[in-house]
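>>> with the input below, show me the fold.
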Amino acid sequence: MEKKEKYNLFGHFVCGFYVLRIYIPFVCLLSTSISFKREV
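Numbers count the residues shown, from 1 in each chain. Model (predicted):
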């Protein structure tokens, strides 16, 4: 049971890592576009 919980936690970590990998560049792109609009 403990081994399964540890594996499940690792799975959530990997899933979260992949989500952040996609999400962070999107946020950077969004923030740069917003700052670009403010300058213009």
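
>>> from now on I want contacts and neighbour counts done on CA atoms only, so please keep to that.
Will do.

>>> distance of the residue most central in space within the chain relative to K4?
In the chain, the residue lying closest to the centroid (C-alpha atoms, centre = their mean) is L20, at 1.2 Å. Distance, L20 to K4, using C-alpha to C-alpha, to the nearest Å: 24 Å.

>>> do the same with H12
12 Å.

>>> how many other residues sit next to K3?
8 (other C-alpha atoms under 10 Å).

>>> in terms of helices and strands, where is it?
helix 2-39 (DSSP states H and E).

>>> could you give the mean pLDDT of that helix?
Mean pLDDT, helix 2-39: 88.

>>> what about that helix, distance to the chain center?
0 Å (C-alpha atoms, centre = their mean, to the nearest Å).

>>> so what does it touch, helix or strand wise?
Contacting helix 2-39 under the criterion 3 or more C-alpha pairs under 8 Å, 6 or more residues apart in numbering; DSSP states H and E is no other helix or strand.

>>> one step back: more crowded one of H12 and K4?
H12 (12 against 9).

>>> ok, that one to E39 distance?
40 Å.

>>> for G11, same thing?
Separation of G11 from E39 (C-alpha to C-alpha) stands at 42 Å.

>>> mind checking how far K4 is from S31?
For K4, the distance to S31 - C-alpha to C-alpha - is 40 Å.

>>> equivalent analysis for G16, please.
The gap separating G16 from S31 is 21 Å, by C-alpha to C-alpha.

>>> do E39 as well
For E39, the distance to S31 under the criterion C-alpha to C-alpha works out to 12 Å.
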